[in-house]
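1. Provide a 3D model corresponding to the input given below.
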Amino acid sequence: MGIYFAIIIGLLVYSDFLPYVTDNNESFSAFFHARNILQFGLSSTAGLTDEASSGAPAAHPYIYTHGGNFPRIPVLVLMLLGVNTIEQQITILALLVGGVSVYLCYKFFSRIGGELFAFLAVAVLSTDYLLFTQWQVNTFRVWHGFFFFASLLCVQTLTERNRRSMGAVLFLNSIGLFYFEIVFGAFVALFSVIYAAVLHRRQPGLAVWTAVVIALGGLVALGTLLGQSFAHLGIERALEDIRLTFLARNFDAAGGGAESAATRLQFFMKNHIVYWDSAFQPSGFLAIDSLRTALYEGVVRVFTPFLILVMAIVSLPGLLKASALGMGGVLRRRVDAGDGGGRTPQPGNTPARRLLLGILFAVVAGWYVLVRWRLFDPVQISSWQGSIYHPFSGIVLQLLLAGSLLLGLLLMTGQDSEVPGAVNHHILGVTRYILAGSAALVITNAAFPGYVWNGYLFRYAPLPVFTVDVWLALALYILLVLAFQSRRDARRGLGGLHRSGDMQRATINRYRVRQAALSFASIALFGAILVYWINLQVSYFAKLPSTSILFMKQLSGPEFRAASFVSDNYTLPIAYFTGQWAYQDQVIPENAVVVTNDGPRLKISGKFIWFADRETNASYLRPQYYLCRVQSDLNSASRLASLPAGGRLENCSNQPLVRAARVSPAQSERVLVASDPTPFDMWAIVKLDPRIPLLPKDLD
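-> Model (predicted):
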């Protein structure tokens, strides 16, 4: 808890309580959703989310129908209590909800992996800047950890005796979960049911009970959302909304090409429904190549292929041995007998068996080392490794890799008596968790491939982090246990050998050297991984700063206050500071001026003018300013890391509209009024020419 609060408070203070790493737009979304409820009530939307950022009643409602958006409700409560700024809302929810999430996380993992492992799991999650920490200061995403660990803790503590009370908690949690976000709800539900089936395999009734309770909670939440859509849109349009959204967002091939895309867009615009495009991949989301690419971008690239490989090598021996013991039922008898801290008997532990395991491990690890360059783009990997974590030279990385391979081989071929029964029990419990999470992720991706890619993996949002961070914690746990156990075994074992006189002194010395080397290697590798992990997070913090939208505070000043904006990025932060409407458009940066019968016009898309009076309010075609803002991601971080001393990125300054405003020709009144002075070049503000209105091409 101390680690979590120290990191979150430090992040809040550093970013002036307005942190924005790669994406914190949803904090602003929750703010406007709650504000619209206060100003315009629920009756006009039947309780659905109103997305419009304008304060004019005629601009409302413009609805979001594809999720319940539960987080707007806590923000609404905060507003009723007088907490009316996003900075205050972020701080309270990050500390309160995030703190409870960390507590639930620790309670859950201490049950399946012991207190040491629980501490490591929480520590890894809390220090994962990109995949976890940045989302804890997001008033929408901070609820991920709460719902996730609350659900799993209910499953973990479920028994025949308490299943009614625990079922009630799980039911309420499932309602909030599915009314929060449908795809994440499906992931957590699958995770919980699969985990319950594995955990309570000797009591299948409990696993069935878990599935039924979660399903009932999900049906209540989804039924509520569906009823709201029926009430607002009518049954026919609501069903068409669901059909078009599911097909378009998940399976591009089913969309029918450009003509159908235009038809879909017209449907959503006509009915004033928020709709986001998807970043589709040519091979299709269900193809193996697409899933591999998604996991590379959202997991492997973030963790780096090197760290993934070392984690696999270190944890594989423990996973295989613990799994073998679990399947044989040995662990259960030993732990139930109250001897969990003792040695686990392993019959048949012959030299031939250990040799076979060693060969199997070497083949699997060697295969991955050789083919990983085919699994992922070698150019991207080398460029990323060279630019982001340069303190680790190639020789150091190779030595660490070789050391981890030797250690893994030693673990596979060593005497199993070196591992205490309780440790094997913990490893087995974590193994079940990791397997359940992996299965849930694959199934969720198969059912909602577009949403998983666009809403989570592409944005680094919390989904695979609940598995991959725990995997890293498991590798660290194995190394720590191995280090201290090897040292203890050497002392105890040597004493026994001296007393028994069964072995010669040379054998005793070899045993002493082996155990000392094993302990030293484990500690050294633990320290190397720890340093590597810290360096990686520091690199992300430096190259993906949490202060990326602090420049927007100038929008609340006299020059921009109450000014209207169009932007190539999320505009709710702009509307928050200016107090005026703003909308997004991806075409306007192209500076495509066309001459019509009515004079020159600046071409835009127009499909993100999310205001109900869009057809009648001509002021939306005459915004006063354009704001270019580049979203931070790993690509921008890698480019920044590769800059020479004194270099500068070309992001906003390279846009045609910004370039034209910088030149400021005499025939135009466009002026570049502000821009990013740092080497990031992540933002620029252009005052638009009032004589040239916009021309929305997608509204025809």
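
2. show me where the stretch 451-600 of the chain has its helices.
-> In the stretch 451-600 of the chain, the helices defined using DSSP state H, counting those that start in this stretch lie at 465-500, 505-543, 572-578.

3. tell me which of those helices is the most buried.
-> helix 572-578 (a mean of 24; mean count of other Cβ atoms under 10 Å). For glycine as for every other residue, the C-beta is placed from the backbone atoms N, C-alpha and C.

4. what does it contact?
-> If you take Cβ atoms under 8 Å, 6 or more residues apart in numbering as the criterion, helix 572-578 is touched by 20, 25, 28-29, 31-32, 53-54, 86, 549, 552-553, 555-556, 560-565, 567, 581-582, 627.

5. can you list the low-confidence ranges for this protein?
-> For the chain, applying pLDDT under 70 flags the ranges 247-259, 277-290, 318-362, 364-395, 409-422, 489-512, 664-668, 698-700.

6. which residues in it form strands?
-> Under the criterion DSSP state E, the chain contains strands at 49-50, 63-64, 565-567, 582-584, 593-596, 599-604, 625-629, 671-675, 683-687, 694-696.

7. would you tell me which one of those is buried the most?
-> strand 49-50 (a mean of 26).

8. name the helices or strands packed onto that strand?
-> Packing partners of strand 49-50 (3 or more Cβ pairs under 8 Å, 6 or more residues apart in numbering; DSSP states H and E): helix 25-40, strand 63-64.

9. now Ile3: closest residue in space, sequence neighbours ignored.
-> Ser126 (5.0 Å; Cβ to Cβ, 6 or more residues apart in numbering).

10. in contact with the one you found, which residues?
-> 3-4, 7, 102, 132-133.

11. what do you get for Phe268?
-> Neighbour list for Phe268: 241, 244, 274-275 [criterion: Cβ under 8 Å, 6+ apart].

12. try 6 Å this time
-> Contact partners of Phe268, counting by Cβ atoms under 6 Å, 6 or more residues apart in numbering, are Tyr275.

13. count of residues packed around the residue nearest to Phe147 when sequence neighbours are not counted?
-> Residue nearest to Phe147 in three dimensions, not counting chain neighbours: Leu177, with 4.5 Å by Cβ to Cβ, 6+ apart. Counted by other Cβ atoms under 10 Å, the residues lying close to Leu177 total 31.

14. cool, and Leu131?
-> Neighbours of Leu131 using other Cβ under 10 Å come to 22.

15. who are the neighbours in contact with it?
-> If you count contacts by Cβ under 6 Å, 6+ apart, then Leu131 has 460, 465 around it.

16. which one, of the strands of the chain, ends up nearest to Pro74?
-> strand 49-50 (14.1 Å; Cβ to Cβ).

17. who does the closest one pair up with?
-> Note on strand 49-50: by DSSP bridges, its sheet partners are strand 63-64 (antiparallel).

18. the strand it pairs with: how far from the chain's middle?
-> 24 Å (Cα atoms, centre = their mean, to the nearest Å).

19. could you find the closest non-adjacent residue to His200?
-> Nearest residue to His200 in three dimensions, chain neighbours excluded: Leu206, at 4.0 Å (Cβ to Cβ, 6+ apart).

20. the one you found against Leu199, yeah?
-> No. Using Cβ atoms under 6 Å, Leu206 is not in contact with Leu199, being 8.3 Å away.

21. how many neighbours does the residue nearest to Arg264 when sequence neighbours are not counted have?
-> Closest residue in space to Arg264, ignoring its immediate chain neighbours: Leu244 at 5.1 Å, by Cβ to Cβ, 6+ apart. Neighbourhood size, Leu244 [other Cβ under 10 Å]: 19.

22. next: Arg662.
-> For Arg662, the neighbour count with other Cβ under 10 Å is 14.

23. now do it against Gln228, distance only.
-> Taking Cβ to Cβ, to the nearest Å as the measure, Arg662 falls 48 Å from Gln228.

24. about what we covered before: want to throw the helices of the stretch 451-600 of the chain into a markdown table with distance to Thr596?
-> Listed next are those as a markdown table, based on distance: least, Cβ to Cβ, whole Å:
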| stretch | distance to Thr596 |
| --- | --- |
| helix 465-500 | 50 |
| helix 505-543 | 44 |
| helix 572-578 | 28 |
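
25. who's in contact with Ile549?
-> Counting by Cβ under 6 Å, 6+ apart, Ile549 touches 20, 573.

26. what about Arg201, neighbour count?
-> Using other Cβ under 10 Å, Arg201 has 11 neighbouring residues.

27. re the thing from before, isn't the residue nearest to Arg264 right next to Leu265, touching?
-> No. The criterion here is Cβ under 6 Å, and Leu244 misses it with Leu265 at 9.8 Å.

28. using PyMOL, define a selection of the buried residues within the contacts of helix 572-578.
-> Restricted to buried positions by 16 or more other Cβ atoms under 10 Å, the PyMOL selection for the contacts of helix 572-578 reads:
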select buried, resi 20+25+28+29+31+32+53+54+86+549+552+555+560+563+564+565+567+581+582+627
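
29. for Val481, see how far away the closest residue to Met79 other than its chain neighbours is.
-> Leaving out its chain neighbours, the residue that sits closest to Met79 by Cβ to Cβ, 6+ apart is Ala34, at 5.5 Å. Here the criterion is Cβ to Cβ. By it, Ala34 lies 47 Å from Val481.

30. how about Val137, what does it touch?
-> Counting by Cβ under 6 Å, 6+ apart, Val137 has contacts 19, 90, 94.

31. are any of the residues you listed buried, and if so which?
-> Buried among the contacts of Val137 by 16+ other Cβ under 10 Å: 19, 90, 94.
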